[in-house]
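1. Okay, here's the prediction I keep looking at, along with the sequence it came from:
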Amino acid sequence: MAKALARYSFRNRPIFPPRKSGSLTSSLVLRTPWPLVGSSVSRKNIFAWRPYQKAGIEPAFWFGGVLVQYEVMKLITLNIAGGRFGQENLFAFFEKYKNKTDIFCLQEVLYKAPDLRGRMAGGKMMTLEGREAFQEIEKVLDDCYGYFDSHLEGWFGLATFIKKEHEVIERGEFFVHQHKTYSPGEELGGHARNIQYTTIRFPDGLKTIINFHGLWNGKGKEDSDARLSQSDKILQFIGKLKNPFLITGDFNLRPDAESLNKLEDFGLRNLIKEYGVASTRTSIYTKPEKFADYTLVSECIIVREFKVLPYEVSDHFPLFLNFG
């Protein structure tokens, strides 16, 4: 029987190269992010995929004699800790993953920071290292567009880097603790908190990526009134989204915190819990609490792979997500 392959196109341009799938060479292979949206057939198959996703098998099912495979994107989230644990290793990490990753969501990023020597942040004395971390990372990730949103004096905040081949529809920030011009005083770690959001066009529609660094108070990662309020404001924002989304980053929360449970109760899947992750902190972090970083996904986000990357370039491990 003749071998045949098909490619899925969007707006009359090919998105995926022809691809064989194992030994199934006698049938058409159609790679698509979300065919049959809203149909009972597609949703039934989606739920059936989850055991296969955990085993690392590519989501696929038969439809009308065609083997349908879904498009995926690869995302890494990392709190770079201002680059203070060694920029050479940090930049080498980005160099290694730049061609394997579509989206980087980074926290504790400095953008042309002033001389901070003598000032405290998160209980640590600031140094000159990493003052232009955003600009240096931007040089390494030269095939990405970089977006920076500050929550402290214009030089400290969140950064998202997205490969230039992807179409960004909308981006911005939304404050969930205090406001943009809030001054925390001598201890900079008590600064305002925002979420950085980027909506990207996938072939099947829009998806929103939310980058987040949660409130630090110097008293551990348990609940507080401010953290509960922060979660309420996140829910206020995501409750207005009309498309699938994910929220990722350093939440500064324990796994059993009600501030985190509020987001799960909204219907989000906590991938740290679902995949049995034992810790998100590297050996650089010497305190007993081993969780801070999370990735939560909404309905209609297909998770193909989720894992901790074993690189000690910060006191946080990078988290890797393969999704569609």
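-> Received, thanks.

2. mind giving me the domain split of this protein?
-> Structural domains assigned to the chain are 9-69, 73-323, following automatic domain parsing.

3. Give me the phi and psi angles of E312.
-> Main-chain dihedrals, E312, degrees, to the nearest 10: phi -100, psi 70.

4. Give me the phi and psi for the closest residue to it other than its chain neighbours.
-> Of all residues not flanking E312 in the chain, T282 sits nearest, at 4.3 Å (CB to CB, 6 or more residues apart in numbering). Where C-beta positions appear, they are placed from N, C-alpha and C, glycine not excepted. Backbone torsions of T282, given as degrees, to the nearest 10, read phi -80, psi 180.

5. Please report the number of neighbouring residues for T282.
-> The tally of other residues near T282 (other CB atoms under 10 Å) stands at 19.

6. likewise F251?
-> For F251, the neighbour count with other CB under 10 Å is 30.

7. Report the beta-bridge partners for the residue nearest the centre of the chain.
-> Centroid-nearest residue in the chain: T248, 4.2 Å away (criterion: CA atoms, centre = their mean). Under DSSP bridges, the beta-bridge partners of T248 are N211, T295.

8. and the gap between it and D293?
-> Noted for T248: a distance of 8 Å to D293, by CB to CB, to the nearest Å.

9. Same check on E222?
-> Remark: distance between E222 and D293 (CB to CB) = 17 Å.

10. These two: which has the busier surroundings?
-> Higher neighbour count among E222 and D293: D293, with 26 against 14, using other CB under 10 Å.

11. check contacts around the more buried one.
-> T77, N79, G249, D250, F251, I272, T280, H316, F317, L319 (CB atoms under 8 Å, 6 or more residues apart in numbering).

12. Now with 10 Å, please.
-> For D293, the contacting residues are 77-79, 107, 213-214, 248-253, 272, 277, 279-281, 308, 316-319, by CB atoms under 10 Å, 6 or more residues apart in numbering.

13. In ChimeraX, how would I select the buried members of those residues?
-> Buried residues among the contacts of D293 (16 or more other CB atoms under 10 Å), as a ChimeraX selection:
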select :77,78,79,107,213,214,248,249,250,251,252,253,272,277,280,281,308,316,317,318,319
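
14. Looking at the contacts of D293, which are in strands?
-> If you go by DSSP state E, the contacts of D293 have T77, L78, N79, Q107, H213, T248, G249, D250, V308, L319 in strands.

15. re the thing from before, now do the shared contacts for T248 and D293.
-> T77, L78, Q107, L319.

16. among those residues, which two are most distant?
-> Q107 and L319 (11.4 Å; CB to CB).

17. that older thread, so which of the shared contacts of T248 and D293 is the closest to I200?
-> T77 (15.4 Å).

18. so the closest one touches G249, yeah?
-> Yes - using CB atoms under 10 Å, T77 is in contact with G249, at 5.6 Å.

19. Show me the shaky parts of this structure.
-> The chain contains residues with pLDDT under 70 at 1-71, 117-129.

20. I'd guessed G190 sits against L215; true?
-> Yes - using CB under 10 Å, G190 is in contact with L215, at 8.4 Å.

21. how many neighbours does D225 have?
-> Neighbour count of D225, defined by other CB under 10 Å: 7.

22. Distance of it relative to E258?
-> When CB to CB is the yardstick, D225 and E258 sit 11 Å from each other.
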